[in-house]
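> missing the sequence, but the structure's below:
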Ligand SMILES: C[S@@+](CC[C@H](N)C(=O)[O-])C[C@H]1O[C@@H](n2cnc3c(N)ncnc32)[C@H](O)[C@@H]1O
């Protein structure tokens, strides 16, 4: 396998990620490597945002699309079968990435070049190479494991 495996965000971490990004109704959230779409679905339902998921695995794309339809969110969430290294990120207000540090290193320059000033980025477990975090939180999961979330903001050009 030449790409990161599917490891879903634990339900308990979805809202802390979205709160950390200070996501606002009407904004566009990109999940880069969206898996089964669970973060986008929770965001659309609870924060009234538009979602775009980029996912390379066809089986996960199918699962995410099916889940989006099941929640009647087809008008609010688009799942694109694509390699995120080739995705257009210019419409994002918030980008969420749950990827390995190596993969984050592959997209950090693309994010710097493409996302608009004021857009926020949230990473999980690993920081984003080349960026300085604006905020970080540690979330303690029920079995005592600590998870760190990082939030970055694209500065003015
Ligand atoms: C750790 S999982 C995170 C899933 C989801 N974002 C979540 O938080 O529940 C990483 C996801 O990235 C996808 N992925 C890995 N490399 C990718 C690539 N180059 N382009 C698009 N998706 C990719 C994997 O298939 C997997 O679904």
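Sure thing, it's come through. None of these values were measured; they are calculated from a predicted model.
> so residue 4 touches residue 101, yeah?
No. Taking contact to mean CB atoms under 8 Å, the distance of 10.3 Å between residue 4 and residue 101 leaves them out of contact. Where C-beta positions appear, they are placed from N, C-alpha and C, glycine not excepted.
> Name the residue in these two with the higher neighbour count.
With other CB atoms under 10 Å as the criterion, residue 4 and residue 101 differ in neighbour count, and residue 4 comes out ahead with 16 against 12.
> mind checking how far residue 79 is from residue 45?
Using CB to CB, to the nearest Å, one obtains 16 Å as the distance from residue 79 to residue 45.
> do residue 34 as well
Residue 34 is 15 Å from residue 45, by CB to CB.
> Looking at residue 79 and residue 45, which is more packed in?
The residue with more neighbours, out of residue 79 and residue 45 and counting by other CB under 10 Å, is residue 79; that gives 25 against 13.
> can you tell me the helix or strand for that one?
Per DSSP states H and E, residue 79 falls inside strand 77-81.
> Show me what that strand packs onto, helices and strands only.
Under the contact definition 3 or more CB pairs under 8 Å, 6 or more residues apart in numbering; DSSP states H and E, strand 77-81 sits against helix 38-47, strand 50-55, helix 58-70.
> deepest of the ones you listed, which one?
Taking mean count of other CB atoms under 10 Å as the contact definition, the stretch among the helices and strands packed on strand 77-81 with the greatest mean neighbour count is strand 50-55, which reaches a mean of 24.
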